[in-house]
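In: Return atomic coordinates for the entry below.
(one chain, ligands or ions: 1)
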Amino acid sequence: MSSAIQLPQAQTDRLDAICRSGAIIPVLVIERLDHAVPLAKALVEGGLNVLEITLRTDCAVDAIKRIREALPEAIVGAGTVLSLAQYRIAEEIGVDFVVTPGTTPALYEYGAESEVPLLPGTATVSEVVTGWEYGYRRFKFFPAEANGGAKALKSFGGPLPEALFCPTGGVTVDNAADYLALPNVMCVGGSWMAPKSLIDSEDWAGITRLTREATERYPR
Ligand SMILES: O=C(O)C(=O)C[C@H](O)[C@H](O)COP(=O)(O)O
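Out: Numbers count the residues shown, from 1 in each chain. You can find the predicted model right below:
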């Protein structure tokens, strides 16, 4: 069975371009607005230009606006989108993509008709199959490590070889290799290169160092 509402192929193509432009999508929690631009610059300098800013903090929307202005070369997505209202805000501020940690049919439907592509969060095969009914073929797998890690994703590839994933949640510079070796993984997401301790101490050079370590180990 498939829904009357279908994700256009062009949106899958756009997601592919975003998810294939680097092996890693950093997932950022920005608590202070003045951290937004130096943090984004530190990551871009380390070689990552696709950034997911979680809408978990009060300043997240303004942080995205500032980063877009200061770093037009960065591809900026809104993460932790939990509702249609947040999806609309992400559209209004002109993000390049939206990421959800988990996905309801309402979010799948909204994403299929939006100009802004959705990378929908899934944790089970059933959730992937729900997205499949709306034409989705690209997904986030969250929380990846807690849900069986690379072994689980490898198993997803049996019945659903066309579904490609960005595993996120518990991914590290070391275990990223297990995911990136799978044919159904496009890239991984994670916060390890921008830990709260380094952001709080405004150690932007330290964040660039961790980012460079990751991009040198996993060049696209
Ligand atoms: O907020 C969201 O939308 C999420 O899905 C959660 C993030 O993906 C994880 O917080 C990143 O995971 P860690 O790399 O383990 O920190």
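In: can you give me the helices for this protein?
Out: 9-19, 36-45, 60-70, 84-92, 105-113, 125-133, 149-156, 176-180, 196-200, 204-217 (DSSP state H).
In: I'd like the ones you listed laid out as a markdown table, including mean neighbour count, mean pLDDT and distance to Leu119.
Out: C-beta coordinates here come from the backbone N, C-alpha and C atoms, glycine included. Shown next, in a markdown table, are these (neighbours: other CB atoms under 10 Å; pLDDT from 0 to 100; distance: least, CB to CB, whole Å):
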| stretch | mean neighbour count | mean pLDDT | distance to Leu119 |
| --- | --- | --- | --- |
| helix 9-19 | 17 | 97 | 6 |
| helix 36-45 | 21 | 98 | 18 |
| helix 60-70 | 19 | 98 | 16 |
| helix 84-92 | 16 | 98 | 12 |
| helix 105-113 | 18 | 97 | 9 |
| helix 125-133 | 17 | 97 | 10 |
| helix 149-156 | 17 | 98 | 15 |
| helix 176-180 | 20 | 98 | 15 |
| helix 196-200 | 14 | 98 | 23 |
| helix 204-217 | 17 | 98 | 20 |
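In: Nearest to Val98 among the ones you listed would be which one?
Out: helix 84-92 (5.1 Å; CB to CB).
In: isn't Pro219 right up against Ala23?
Out: Yes - applying CB atoms under 8 Å as the test, Pro219 and Ala23 come out as touching, 7.3 Å apart.
In: Those two: who's more crowded?
Out: Ala23 (21 against 9; other CB atoms under 10 Å).
In: how about Phe165, what does it touch?
Out: By CB atoms under 8 Å, 6 or more residues apart in numbering, Phe165 lies in contact with Arg138, Phe139, Lys140, Phe141, Leu153, Phe156, Asn184, Val185, Met186.
In: among those, who's most crowded?
Out: Phe141 (30 neighbours).
In: Just the pLDDT at that residue, thanks.
Out: With respect to pLDDT, Phe141 scores 98.
In: Let's have the helices of the chain in a markdown table, adding distance to Cys166.
Out: Converted to a markdown table, the helices of the chain look like this (distance: least, CB to CB, whole Å):
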| stretch | distance to Cys166 |
| --- | --- |
| helix 9-19 | 6 |
| helix 36-45 | 17 |
| helix 60-70 | 19 |
| helix 84-92 | 17 |
| helix 105-113 | 15 |
| helix 125-133 | 13 |
| helix 149-156 | 10 |
| helix 176-180 | 9 |
| helix 196-200 | 22 |
| helix 204-217 | 15 |
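In: Any idea which of the ones you listed gets closest to the ligand?
Out: helix 196-200 (9.5 Å; CB to the nearest ligand atom).
In: What are the contacting residues of the closest one?
Out: Identification of contacts with helix 196-200 by CB under 8 Å, 6+ apart yields Val29, Ile30, Glu31, His35, Leu39, Gly206, Ile207, Leu210.
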